[in-house]
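Participant: Give the three-dimensional model of this entry:
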Amino acid sequence: MTSHTGKEFRSRLAAFSIALTVLTLAVFTPGLSDFASTWKQTKPADASGWSRVPQILKRIVPPGFPDKNFLVTDYGAVSGGKALCTEAFAKAIEACSKAGGGHVVVPKGIFLTGAIHLMSNVDLHLSEGAVVRFSTDPKDYLPVVRVRWEGSDAMNYSPLIYAFGQENIALTGKGLLDGSADSLHWWPWKKLANQPDSRPRLMKLNDDKVPVDKRIFGEGYYLRPTFVEFFKCKNVLIKDVRLEKAPFWFLHPVFCTNVTIEGIETNSNGPNTDGCDPESCNDVLIQNCIFNDGDDCIAIKSGRNSDGRLADAPAKDIVIRDCKMKDGHGGVSIGSEISGGCSDVYVENCKLSSPNLDQGLRIKSNAKRGGVIENIYARNLEIGQVKEAIVRITMNYDPPEAKGYSYYPVMKNIVVENVASRKSTYGLYFDGLPQSKIDGVEIKDCKFDGVRKGDNVTNTVGLKLEHFYINGKLVKE
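Facilitator: Residues are numbered from 1 along each chain as shown. Just a heads-up that it's a prediction; the model follows:
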């Protein structure tokens, strides 16, 4: 039997009393249940840091597929980019899945299609020289399906490539996926979506916790479809393909586990064309990719406002390495739809540079979106130039939205080391909130040159600077 001193007993009793008090308040006090969820998610900082990466990588295993090929041309697909091949893609995918799985092969040529829905055990493989060009007719993405749109759950147009609840799925090959978006198709919807019955309506349905099956959008509502969205899927591989001209976000895995994204390239200067947005996913590897986008290159998310808090599904155990970021808002971002929280993200050996890249590392939320963001590690980054800050951490994203709310974000244990940059406006730009300060950021062995305005740090505690130089001068705490 283990014995305890009176002091130890009193300490344990006090800890139990605090926990009981928080849980009691959460259950019996209106408005505090969300606080209880946040308190539950918070955990001590990971003292070992990078030592967890091998454990994460060991769990991330790309799916394999039987050595059987199903050519889309055998199911009626015609090259040339004129005839719509949606039905042929669907038939080939169904036949492949029913046969136990394999590769649905798109040969060299141009194939026009509407929405493609993947099924379990199917690899959609684009041969070198193959182009899958997507229709610009919105009707080719109906009926509506379950999606997450800017962090809110909805029934909306089908993503261009979609899967729901499937296992062992892949998108591979050296071919091109052409989303066909431009200033005449899809991108003008950004402004049209601000009509009261469109995007604002979805935000209100989120706030009011309306069931998803009653959030019907699609035709007439101007919510652009994502390019690739895999929803509640396991064992996902996206490898080597090139994607361009996205209507909206490029790659958007949601509630997925065991995801590998490798060797892909995204190109689009359209509005909100994020490169890769893993949302409420765990065990994710993004490596050897090139992002050149009209918004964040990589943006880790976990739902927006009520939808994110109710799902209580943080993004976690994500490894990003050996990637290149060109144009975009943030090179690697966390947020802004981050209400479900985010932890254990590891970024290393990446190169970021463009006069059209706003920030290198970017963490963003506000008092309406909230979220606990912790255990974020970045190292060995080369940054040529960015327009604003090398590291930008804010709890004041979209201030008008947050007015009157008190879901204060928690941002802590963020370690940035061995980062070199050549040109930026700021080195560090941190703005927490008086009610919830940014806590425990470490900047180590970093050299930021060509910085015009130095640092701007407010509402931040526990900032540690070690061998940190700006324009050749040592910066002290």
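Participant: When you work out contacts or count neighbours from here on, use the C-alpha atoms and nothing else.
Facilitator: Will do.
Participant: which residues in this protein form helices?
Facilitator: Along the chain, the stretches classed as helices by DSSP state H are 6-28, 33-41, 53-59, 86-98, 189-192, 199-207, 305-311, 399-402.
Participant: Those: lowest mean pLDDT?
Facilitator: Lowest mean pLDDT of these: helix 33-41, a mean of 33.
Participant: Please spell out the segments of the stretch 101-250 of the chain that come in under the pLDDT threshold.
Facilitator: In the prediction, the stretch 101-250 of the chain carries no residues with pLDDT under 70.
Participant: just the strands in it please.
Facilitator: Counting by DSSP state E, counting those that start in this stretch, the segments of the stretch 101-250 of the chain that form strands are 102-106, 109-113, 116-117, 122-126, 130-134, 145-149, 152-156, 161-164, 167-173, 176-178, 228-231, 234-239, 242-244.
Participant: tell me the most buried of those strands?
Facilitator: Most buried of the strands of the stretch 101-250 of the chain by mean neighbour count (mean count of other C-alpha atoms under 10 Å) is strand 122-126; its value is a mean of 27.
Participant: I would like the residues contacting that one, please.
Facilitator: Contacts to strand 122-126, defined as C-alpha atoms under 8 Å, 6 or more residues apart in numbering, come from residues 65, 93, 96-97, 101-107, 118, 168-176, 241.
Participant: ok so, going back, please convert the strands of the stretch 101-250 of the chain to JSON lines, extending it with distance to Q55.
Facilitator: Listed next are those as JSON lines, based on distance: least, C-alpha to C-alpha, whole Å:
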{"stretch": "strand 102-106", "distance to Q55": "29"}
{"stretch": "strand 109-113", "distance to Q55": "40"}
{"stretch": "strand 116-117", "distance to Q55": "32"}
{"stretch": "strand 122-126", "distance to Q55": "27"}
{"stretch": "strand 130-134", "distance to Q55": "37"}
{"stretch": "strand 145-149", "distance to Q55": "29"}
{"stretch": "strand 152-156", "distance to Q55": "32"}
{"stretch": "strand 161-164", "distance to Q55": "28"}
{"stretch": "strand 167-173", "distance to Q55": "21"}
{"stretch": "strand 176-178", "distance to Q55": "33"}
{"stretch": "strand 228-231", "distance to Q55": "24"}
{"stretch": "strand 234-239", "distance to Q55": "17"}
{"stretch": "strand 242-244", "distance to Q55": "30"}
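Participant: Which of those sits closest to Y377?
Facilitator: strand 234-239 (24.2 Å; C-alpha to C-alpha).
Participant: ok and the closest one relative to strand 122-126, angle-wise?
Facilitator: Between the direction of strand 234-239 and that of strand 122-126, the angle (axes from the mean of the first three to the mean of the last three C-alpha atoms, to 10 degrees) works out to 10 degrees.
Participant: so what does strand 234-239 touch, helix or strand wise?
Facilitator: For strand 234-239, the helices and strands in contact under the criterion 3 or more C-alpha pairs under 8 Å, 6 or more residues apart in numbering; DSSP states H and E are strand 167-173, strand 257-262.
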